[in-house]
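J.: Below is the structure, and that's it, no one-letter string:
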């Protein structure tokens, strides 16, 4: 499917192709709502391991950014629409499944532990009054909670969907002012989670064994224009962090072990590749996904969607 058709709302279908080893799935909404610059036709793009575009899935039950893509232990693809409190699922055969029944909250994304428990986190926090007026139309209040839009917490669910724990995580100051836990990752020990509030200066941690806040892993200087965007643990315990025009690899003491420069703006989602030799980093602004060597920083593959300000989720099908 030619990439020049990406901005055609008629391109796409009700299903993807069956997932194959090394497939990349990218959430990128077509922002074609003239009244809301974060709204439009939701789509999930499927690329093969060689970077060839294979299919496009329409998600007519979403209204805003299709984000936070991840695979579950059963190889089901998950995706989220924070504004709609929606969770989408696609089976390994590429076909949509019924949306799972979870509490209506502004989910950002999630992850699973080795036992199959699910952790999901809230992208926003506060009340509608905390949201700048131009962004209020893209927010939804929590059911039966007045004008509250979210708590910025992390929630643990059993494999059957039962709520097990609520972690009342601290959040930090951001440009938007109402962001909560926008990127969160489980340490390989499974004793704590590490997370951030996008465009803040903190990389925070929370003890999920004893259910208490920990000391920050990193606090950036207040007097310098430095910010954290997204983060993710590698299998060896090193933390990948996007910091605007660069990637930092941070050790378990909060020290920067390696830095890789990036060209352009908007670099956000960061993950270790399934082969544990590469990392995946995507640009929200430019619709680019890079696969880079963890050792050298060399770009070994690049995929591009011609859609600006909408690439908000990346997942790689396990090998």
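T.: Everything's here; your move. Computed from a predicted model, the values in this text were never measured in an experiment. Numbers count the residues shown, from 1 in each chain.

J.: who touches residue 73 in this structure?
T.: The neighbours of residue 73, taking CB atoms under 8 Å, 6 or more residues apart in numbering as the test, are 112, 116. C-beta: built from backbone N, CA, C; applies to glycine.

J.: since we're on residue 236, how many residues are nearby?
T.: 11 (other CB atoms under 10 Å).

J.: I meant residue 120, not that one.
T.: Other residues close to residue 120 by other CB under 10 Å number 23.

J.: ok, the nearest residue to it once chain neighbours are set aside to residue 126 distance?
T.: Of all residues not flanking residue 120 in the chain, residue 110 sits nearest, at 3.8 Å (CB to CB, 6 or more residues apart in numbering). Distance, residue 110 to residue 126, using CB to CB, to the nearest Å: 21 Å.

J.: Next: residue 120.
T.: 18 Å.

J.: and the gap between residue 246 and residue 46?
T.: According to CB to CB, residue 246 and residue 46 sit 29 Å apart.

J.: Kindly report the same for residue 296.
T.: In terms of CB to CB, residue 296 sits 28 Å off from residue 46.

J.: now do residue 293
T.: The gap separating residue 293 from residue 46 is 24 Å, by CB to CB.

J.: the more surrounded of the two?
T.: Just comparing residue 293 and residue 46: by other CB under 10 Å the higher neighbour count belongs to residue 46, 25 against 14.

J.: which SSE is the more buried one in?
T.: In this assignment (DSSP states H and E), residue 46 forms part of strand 42-47.

J.: Can you give the distance of that strand from its chain's centre?
T.: Strand 42-47 sits 15 Å away from the centroid of its parent chain (CA atoms, centre = their mean, to the nearest Å).

J.: Over to the most centrally placed residue in the chain: give its phi and psi.
T.: In the chain, the C-alpha closest to the average C-alpha coordinate belongs to residue 68, at a distance of 3.2 Å (CA atoms, centre = their mean). Backbone torsions of residue 68, given as degrees, to the nearest 10, read phi 60, psi 30.

J.: Skip the chain neighbours and tell me the closest residue to it.
T.: According to CB to CB, 6+ apart, the nearest residue to residue 68 is residue 109 (2.7 Å).

J.: OK, contacts around residue 61?
T.: 84, 86, 88, 99.

J.: With residue 107 instead?
T.: Residues near residue 107 by CB under 8 Å, 6+ apart: 68, 80, 82, 85, 87, 120, 121, 122, 123.

J.: let's go with 10 Å and repeat that
T.: Contacts of residue 107 were listed using CB atoms under 10 Å, 6 or more residues apart in numbering, and they are 67-68, 78, 80-82, 84-87, 120-123, 150, 155.

J.: Need the per-residue pLDDT for it.
T.: Confidence at residue 107, expressed as pLDDT, is 98.

J.: Kindly report the same for residue 6.
T.: Here the pLDDT value assigned to residue 6 is 46.

J.: and if you look at the one 4 residues further on?
T.: Looking at residue 10, its pLDDT is 52.

J.: With residue 2 instead?
T.: 37.

J.: burial count for the closest residue to residue 129 other than its chain neighbours?
T.: Leaving aside its sequence neighbours, residue 129 sits nearest to residue 147 (CB to CB, 6+ apart; 6.7 Å). Neighbour count of residue 147, defined by other CB under 10 Å: 13.

J.: any idea how far residue 206 is from residue 147?
T.: 27 Å.
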